[in-house]
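In: my questions concern the predicted model and sequence given below.
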Amino acid sequence: MSPFILAAAEIPLLSDIVVIFGLATLVILLFMRLKLPTIIGYLLTGAIAGPYGLSLVDASTAVEVLSEIGVILLLFVIGMEFSLKSLMAIKKAVFIGGSLQVVLTIAVTTIITYFFGYNWNIAVFFGFLFALSSTAIVLKLLQESGQINTLSGRTTLAILIFQDIIIVPLVLFTPMLAGESDNILLSLLYMALKGGLVIILTILGAKYLIPQLLYKVAKSKNEELFLLSIIVTCFAVAYVTSLLGLSLGLGAFLAGLIISESEYSHHATGKILPFREIFLSFFFVSVGMLFDITFLVDHILTILALVLLTFVIKFLVVSLSVKAIGSNFKESFIVGFSIFQVGEFSLLLAKEGLKYELLDNITYQYFLAISILTMIITPFVLKRREDLACRVLNIPVPKNFKARFGDKIDLPSGEIETDQLSDHLVIIGFGLNGRNLAKAAKRANIPYVIIEMNPETVKVEAAKGEPIMYGDAANSVVLEHVNIHKARVVVIAISNHESTKGIIINIRDATQNAFIIVRTRYVNEIEAMLKLGADEVIPEEFETSIEIFTRVLNKYLVPKGEIEDFTHDVRFHNYEVFRTLTSDNGNTITLDVPEINFAGIKVEKDHGALIGKAIKDINLREQVGINMVAIKREGKTKTEITGNTKIKLGDIVYVVGRPEALEKFEKEVSI
């Protein structure tokens with residue numbers, strides 16, 4: 001017999017992988033044709049292949065291990081996209097909103113379960129189970145829809161983070177509820193010490209260790225080594241937290257936070273995403289394998305009633321918790337419609353309940369049915385969460401309550417306000433041409449961002465304050481981070497012909513609006529670049545930098561005479577003007593760009609010196625140097641600004657002032 005056949009026979013997981021991926025491919029193809037969420041397809045795949053279906057999979061334990069890797073990679077990617085600075089900016093949502101949601105859910109569930117005749121300890125354990133929501137499903141859907149960085153998206157993430165943290169004490173309390181004789185006070189103290197140790201290690205790693213390590217790795221320009229170092233960081237931190245008795249998922253999230261503090265996070269995200277998708281599919285399949293369809297059919301009415309009860313209770317508790325931290329009703333309802341389901345960590349906690357006999361088999365099957373059904377309906381509800389929130393707001397209410405809810409609002413159009421760069425310049429490559437262009441853009445007060453693959457250049461220029469990031473512009477994740485779809489001009493200033501073609505293709509896949517200017521050495525390359533989507537191709541290295549900044553300044557409507565004078569000085573001094581920024585008579589060269597700007601700035605913090613206070617009390621004009629002309633709140637723009645007007649979380653504030661004053665104001669209210 002062939003050794004390959006023998007190996008396949010000795011590794012049952014190999015045949016299971018073939019079955020799972022083969023069946024999943026057929027199911028997902030069908031679901032895509034029907035325009036149904038792929039998550040439900042994976043759950044259905046598990047139900048069909050599992051022990052309650054056709055029993056096609058034997059190595060269920062191995063499948064669960066692979067599924068845990070998927071959850072770890074998901075939380076790792078989320079951590080990389082969510083920095084410590086961002087986390088502290090919404091600490092109120094994490095610690096106050098999250099704790100309110102968990103405590104209230106446990107309290108309400110305990111009361112209802114106790115009313116149904118369960119002992120108080122079992123009732124409290126049910127509260128533990130229903131307090132948690134699905135981090136894996138919700139965050140995946142928010143990422144796919146691009147809503148992770150919206151106000152409601154960050155609030156949702158904040159509460160989910162708290163839930164992932166609170167799972168640790170819940171696991172510790174579970175044996176105590178079962179009557180174990182553990183010392184509660186000692187266990188809590190031990191847990192606090194371990195949590196403090198993890199936080200210290202995270203801060204030290206983010207500040208000193210990982211940035212230096214990734215700099216050395218990126219400097220080698222070996223992509224395989226870069227990927228390996230990222231994966232090792234993820235699983236090493238997860239392993240350390242597991243040794244301390246904390247969850248693997250929490251460790252993975254902390255590992256992502258560590259990397260997020262470096263300039264390599266977005267490049268790393270693009271490398272990890274394909275692996276995350278593969279392993280995460282195992283998680284949804286493994287959950288589906290627990291689903292006993294026969295039990296569901298036999299008890300369908302009871303289960304549907306419990307699903308509805310779960311939906312209503314969690315929606316109300318979450319909405320109340322989010323409203324308590326200062327959000328408006330619309331944002332509160334949006335978050336409530338996002339995390340009403342029972343989570344994957346609840347499934348892990350339920351297994352602990354079986355172990356300590358807090359759950360019997362029948363109760364466990366009821367819980368599984370409720371959990372999986374709430375997971376199944378999550379994509380449908382989350383997709384329409386803004387629409388549903390607006391419909392709830394538009395429900396007729398008594399007049400005496402009308403002021404609390406506010407006026408009726410229009411249903412959302414689907415457009416999402418963002419606070420990222422807009423109408424900006426993207427410079428790809430920071431060689432001679434890129435540097436000259438950046439200096440010209442800076443002098444003309446044109447917002448720009450730089451993408452560069454040389455880690456040493458990134459490190460040096462970032463220290464000087466340049467808006468530069470490490471990454472491959474052929475990576476769609478890197479392009480998304482610089483908000484490529486809102487850029488006015490993109491300049492590709494690298495010398496590699498093949499890389500340039502790949503970058504043009506990726507930019508055009510992301511947007512058709514950006515004006516792409518390409519630098520190339522040879523005339524015979526122009527036609528190919530134009531066919532791929534470039535708008536202008538400039539040959540010859542010496543003239544490239546002159547032509548690029550001239551055309552960019554034209555796009556920003558700088559007067560033609562000033563551009564010609566600037567170009568004359570560049571040619572006359574053979575680029576010396578870029579180093580001295582002076583003309584031949586010793587006078588400083590200036591461009592006539594208005595010094596007063598108008599900007600719309602989104603308020604992302606729920607606390608601060610300027611937030612929640614009347615304008616007349618904070619002396620906005622005197623202290624910051626800006627004038628407020630309008631506020632957009634809950635979809636409506638108000639131009640009547642008085643001394644009693646207050647700035648609140650979620651507002652878009654339209655202000656006029658000098659660039660430095662606008663920057664100062666943005667730092668006060670944004671992340």
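Out: Alright, I've got the coordinates. Numbering: from 1, shown residues only.
In: which residues are in contact with stretch 201-216?
Out: By Cβ atoms under 8 Å, 6 or more residues apart in numbering, the surrounding residues in contact with stretch 201-216 are 84, 226, 229, 233, 237, 240, 254, 257-264, 268, 455-456, 459. Quick note: C-beta positions are derived from backbone N, CA and C, even for glycine.
In: among the residues you listed, which are in helices?
Out: When the contacts of stretch 201-216 are checked against helices (DSSP state H), the matches are 84, 226, 229, 233, 237, 240, 254, 257-260, 268, 455-456, 459.
In: can you show me the helices along the stretch 301-450 of the chain?
Out: Per DSSP state H, counting those that start in this stretch, the stretch 301-450 of the chain carries helices over the ranges 329-336, 344-355, 361-383, 385-393, 399-405, 432-443.
In: re the thing from before, ok, which pair from the ones in helices among the contacts of stretch 201-216 is furthest apart?
Out: V240 and E456 (30.2 Å; Cβ to Cβ).
In: so between those two, which is more surrounded?
Out: Shown here are V240 and E456; by other Cβ atoms under 10 Å, V240 has more neighbours (16 against 11).
In: how many residues are close by T45?
Out: As a burial measure, T45 scores 29 neighbours (other Cβ under 10 Å).
In: for A252, same thing?
Out: The tally of other residues near A252 (other Cβ under 10 Å) stands at 28.
In: just the element for it, please.
Out: helix 248-260 (DSSP states H and E).
In: take that helix, keep the C-alpha atoms, and write them as PDB.
Out: The C-alpha coordinates for helix 248-260 follow below in PDB (Å, rounded to 0.1, in the frame of the first residue of the first chain):
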ATOM      1  CA  LEU A 248      -6.200  32.300  24.500                       C
ATOM      2  CA  GLY A 249      -8.500  34.800  22.700                       C
ATOM      3  CA  LEU A 250      -7.600  37.600  25.200                       C
ATOM      4  CA  GLY A 251      -3.900  36.900  24.700                       C
ATOM      5  CA  ALA A 252      -4.400  37.100  20.900                       C
ATOM      6  CA  PHE A 253      -6.200  40.400  21.200                       C
ATOM      7  CA  LEU A 254      -3.400  41.800  23.400                       C
ATOM      8  CA  ALA A 255      -0.800  40.500  20.800                       C
ATOM      9  CA  GLY A 256      -2.700  42.500  18.200                       C
ATOM     10  CA  LEU A 257      -2.700  45.600  20.400                       C
ATOM     11  CA  ILE A 258       1.100  45.200  20.800                       C
ATOM     12  CA  ILE A 259       1.700  45.100  17.000                       C
ATOM     13  CA  SER A 260      -0.800  47.900  16.400                       C
END
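In: circling back: least reliable of the helices of the stretch 301-450 of the chain going by mean pLDDT?
Out: With a mean of 52, helix 399-405 has the lowest mean pLDDT of those.
In: returning to that earlier point: who does the helix holding A252 touch, helix- and strand-wise?
Out: Packed against helix 248-260, as judged by 3 or more Cβ pairs under 8 Å, 6 or more residues apart in numbering; DSSP states H and E, are the following elements: helix 60-81, helix 84-89, helix 151-177, helix 184-204, helix 210-219, helix 223-243.
In: now tabulate these in TSV and tack on mean pLDDT and distance to V392.
Out: As requested, the helices and strands packed on helix 248-260 are exported to TSV (pLDDT from 0 to 100; distance: least, Cβ to Cβ, whole Å):
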stretch	mean pLDDT	distance to V392
helix 60-81	72	28
helix 84-89	64	28
helix 151-177	79	14
helix 184-204	73	37
helix 210-219	81	44
helix 223-243	84	39
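In: helix, strand or coil for the residue nearest the centre of the chain?
Out: Central residue of the chain (Cα atoms, centre = their mean): I148, 4.3 Å from the mean position. State at I148, reduced to three classes by DSSP: H, G, I helix; E, B strand; the rest coil: coil.
In: how about stretch 517-527: buried residues?
Out: 517-520, 525-526 (16 or more other Cβ atoms under 10 Å).
In: hang on, the earlier thing: need the helices of the stretch 301-450 of the chain in JSON lines (columns: distance to Q212).
Out: Formatted as JSON lines, the helices of the stretch 301-450 of the chain follow (distance: least, Cβ to Cβ, whole Å):
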{"stretch": "helix 329-336", "distance to Q212": "38"}
{"stretch": "helix 344-355", "distance to Q212": "34"}
{"stretch": "helix 361-383", "distance to Q212": "40"}
{"stretch": "helix 385-393", "distance to Q212": "42"}
{"stretch": "helix 399-405", "distance to Q212": "53"}
{"stretch": "helix 432-443", "distance to Q212": "25"}
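In: tell me the buried residues within the ones in helices among the contacts of stretch 201-216.
Out: 84, 226, 229, 233, 237, 240, 254, 257-260, 268, 455, 459.
In: what about L610, how many residues nearby?
Out: With other Cβ under 10 Å as criterion, L610 counts 18.
In: which residue, other than its chain neighbours, is closest to it?
Out: Nearest residue to L610, sequence neighbours excluded (Cβ to Cβ, 6 or more residues apart in numbering): E668, at 5.1 Å.
In: likewise L43?
Out: Among residues not flanking L43 along the chain, G288 sits closest, at 4.0 Å (Cβ to Cβ, 6+ apart).
In: how far away is that neighbour from L129?
Out: Distance of G288 to L129, given as Cβ to Cβ, to the nearest Å: 19 Å.
In: check E622 too.
Out: Taking Cβ to Cβ, one finds E622 at 54 Å from L129.
In: distance check, I395 against L432.
Out: Using Cβ to Cβ, we find I395 at a distance of 62 Å from L432.
In: the more surrounded of these two?
Out: Ranked by neighbour count (other Cβ under 10 Å), I395 and L432 place L432 first, with 16 against 8.
In: quick revisit: helices or strands up against the host helix or strand of the residue nearest to L610?
Out: E668 belongs to helix 659-669 when assigned by DSSP H and E. Where contact means 3+ Cβ pairs under 8 Å, 6+ apart, helix 659-669 is packed against strand 597-602, strand 626-633, strand 652-657.
In: apply 10 Å and report the result again.
Out: When contacts are defined as 3 or more Cβ pairs under 10 Å, 6 or more residues apart in numbering; DSSP states H and E, helix 659-669 sits against strand 597-602, helix 620-623, strand 626-633, strand 652-657.
In: let's have those in JSON lines, adding mean neighbour count.
Out: Below are these laid out as JSON lines (neighbours: other Cβ atoms under 10 Å):
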{"stretch": "strand 597-602", "mean neighbour count": "16"}
{"stretch": "helix 620-623", "mean neighbour count": "14"}
{"stretch": "strand 626-633", "mean neighbour count": "17"}
{"stretch": "strand 652-657", "mean neighbour count": "20"}
